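S.K.: give me a model of this one.
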Amino acid sequence: MPTQARVVVLPEKPGPLRIDDVLLPDPGPHQVVVRQFATGVCHSQLHQMHRARTNNVVLGHESTGVVLATGSEVTHVKEGDRVMVTWVVRDRERAGRAPQPALLDLPDGTTARSQNVFTWADHTIADELYVVKMADDVATDVTAVIGCAVMTGAGAVRYTAGVREGQSVVVFGVGGVGLCAITAAAVAGADPIIAVDLSDEKLEFAKRFGATIGVNATSVDAVAKVRELTDGGADYAFDCIGLKSTMEQLLPSVRSGVIGGASGGTAVLVGVPTTKAELNMVDLLIGEKTYKGSIAGSSKPDRDFPMFVEWFQQGVLDLDALVTTRYSLDQINEATTALEHGQITGRSIVEL
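M.R.: Here you go, the predicted model:
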């Protein structure tokens with residue numbers, strides 16, 4: 001039978017988010033209905049909110065919950081299982097088909113579309129390719145951010161870059177994603193691990209996650225300081241913001257190679273770009289440097305989420321510290337406003 005749900009809706013016309021009471025349909029053959037415990041609040045949703053649109057949108061893409069119902073073709077989870085919902089196909093190589101995003105009928109007779117999934121709701125319905133099974137003995141609140149923040153930041157270090165022990169790392173932007181990148185760098189044994197931000201408070205907070213040095217870009221030339229601290233440039237630089245200024249600081253922050261010898265360092269763009277950027281292509285060429293992108297940390301949810309949960313259980317990934325702010329579903333406009341104004345030190349969640 002259909003499931004009653006309270007769902008955050010981004011209206012087609014500009015205006016605040018609203019909460020609609022909707023009926024989720026019975027799951028199709030490849031769908032899962034989930035009663036949710038918590039969901040993360042991510043900058044990606046702010047980008048969606050600021051873009052022009054031609055339809056209502058349902059938002060959110062990382063959460064935890066419990067399965068209420070499954071479609072006839074779903075085999076990896078069953079009713080009563082705890083799960084994580086994410087926006088990346090859990091195992092694309094074995095998927096065998098394209099996932100189907102949700103389309104909801106709203107009380108006013110219109111519809112709302114999701115990009116991949118929607119998790120800003122007390123219940124959701126999702127293609128099973130976006131649903132990852134979770135152990136029963138794991139906290140279900142702070143683990144909600146594994147589905148985006150953790151895999152994006154930690155995955156960028158572990159998979160996109162492949163940072164190894166003793167290599168130097170600089171992370172621009174130490175919000176939720178940046179802190180996860182710092183954690184993964186610490187797990188890899190990187191040294192030094194340099195955090196760059198505009199707030200001494202955030203830089204000090206980053207040391208709880210493994211940063212060894214903080215650089216406040218409001219008081220010093222961040223690139224010059226990084227080059228000084230790393231004797232000419234870091235092995236890896238990660239931009240977890242995506243602004244023009246930070247995207248342009250990445251390349252000069254990594255070391256140059258030696259012609260006929262070693263290649264240069266690697267700059268990794270993790271944050272979603274909001275503007276164009278200009279790169280010094282001579283520096284890229286002569287320094288034999290690499291500038292690459294990382295989407296979702298090059299992660300594979302089926303493979304990686306259990307590992308991130310294990311990091312959390314072992315105390316390596318301090319999700320209790322990472323989640324600094326909690327909201328109710330009715331406070332969703334307050335939550336997005338605080339994030340947009342830079343008032344969230346780590347990551348915020350909505351508890352459902």
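S.K.: how does the chain divide up, domain by domain?
M.R.: 3-140+318-351, 150-297 (automatic domain parsing).
S.K.: let me know the average pLDDT across the first one.
M.R.: Yep, that's domain 3-140+318-351 we're talking about. Averaging pLDDT along domain 3-140+318-351 yields 95.
S.K.: how far does it sit from the chain's center?
M.R.: 14 Å (Cα atoms, centre = their mean, to the nearest Å).
S.K.: ends of it, how far apart?
M.R.: This stretch, domain 3-140+318-351, spans 19 Å end to end (Cα to Cα, to the nearest Å).
S.K.: same check on the shortest one?
M.R.: Counting by Cα to Cα, you get 9 Å between the two ends of domain 150-297.
S.K.: all helices for this structure, in order.
M.R.: 43-50, 92-95, 149-155, 176-188, 200-206, 222-229, 244-253, 281-286, 301-314, 319-322, 332-340 (DSSP state H).
S.K.: out of those, which is closest to residue 25?
M.R.: Counting by Cβ to Cβ, residue 25 lies closest to helix 92-95 out of the helices of the chain; the figure is 22.5 Å. Every C-beta, even on glycine, is put in place using the N, C-alpha and C of the backbone.
S.K.: who's in contact with the closest one?
M.R.: 89, 129, 300 (Cβ atoms under 8 Å, 6 or more residues apart in numbering).
S.K.: quick one: residue 290 from residue 318, how far?
M.R.: 31 Å (Cβ to Cβ, to the nearest Å).
S.K.: no, scratch that, I was asking about residue 161
M.R.: 22 Å.
S.K.: which one of the contacts of helix 92-95 sits in the busiest neighbourhood?
M.R.: Highest neighbour count within the contacts of helix 92-95, by other Cβ atoms under 10 Å: residue 129, with 28 neighbours.
S.K.: now the strands for the stretch 101-250 of the chain?
M.R.: 103-105, 111-114, 123-127, 131-134, 169-172, 193-197, 213-216, 236-239 (DSSP state E, counting those that start in this stretch).
S.K.: who does the last one pair up with?
M.R.: To tie it back to what came earlier, the one meant is strand 236-239. Using DSSP bridges, the strands paired with strand 236-239 in its sheet are strand 169-172 (parallel), strand 266-269 (parallel).
S.K.: ok, what's across the strand from residue 23?
M.R.: Applying DSSP bridges, one finds that residue 23 bridges with residue 4.
S.K.: so it touches residue 4, yeah?
M.R.: Yes: assessed by Cβ atoms under 8 Å, residue 23 is found in contact with residue 4 at 6.3 Å.
S.K.: low-confidence ranges in the stretch 101-250 of the chain?
M.R.: Residues of the stretch 101-250 of the chain meeting the criterion pLDDT under 70: none.
S.K.: between residue 161 and residue 318, tell me which one has more neighbours.
M.R.: residue 161 (30 against 17).
S.K.: and the residue lying closest to residue 153 once chain neighbours are set aside, how many neighbours?
M.R.: With Cβ to Cβ, 6 or more residues apart in numbering as the criterion, residue 153 has its nearest non-adjacent residue at 3.0 Å, and that residue is residue 180. Residues lying near residue 180 (other Cβ under 10 Å) number 35.
S.K.: show me what contacts residue 180?
M.R.: 149, 150, 152, 153, 154, 209, 317, 322.
S.K.: can we see that at 6 Å?
M.R.: 149, 150, 153, 154 (Cβ atoms under 6 Å, 6 or more residues apart in numbering).
S.K.: can you put these in TSV and add neighbour count and distance to residue 273?
M.R.: Output for the contacts of residue 180, formatted as TSV (neighbours: other Cβ atoms under 10 Å; distance: Cβ to Cβ, whole Å):
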residue	neighbour count	distance to residue 273
149	30	18
150	33	21
153	33	16
154	28	21
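S.K.: including distance to residue 117, could these go into TSV?
M.R.: As requested, these are exported to TSV (distance: Cβ to Cβ, whole Å):
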residue	distance to residue 117
149	15
150	16
153	20
154	20
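S.K.: return the member of those nearest to residue 233.
M.R.: residue 153 (21.5 Å).
S.K.: now the contacts of helix 92-95 in JSON lines, with distance to residue 184?
M.R.: Shown next, in JSON lines, are the contacts of helix 92-95 (distance: Cβ to Cβ, whole Å):
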{"residue": "89", "distance to residue 184": "22"}
{"residue": "129", "distance to residue 184": "25"}
{"residue": "300", "distance to residue 184": "15"}
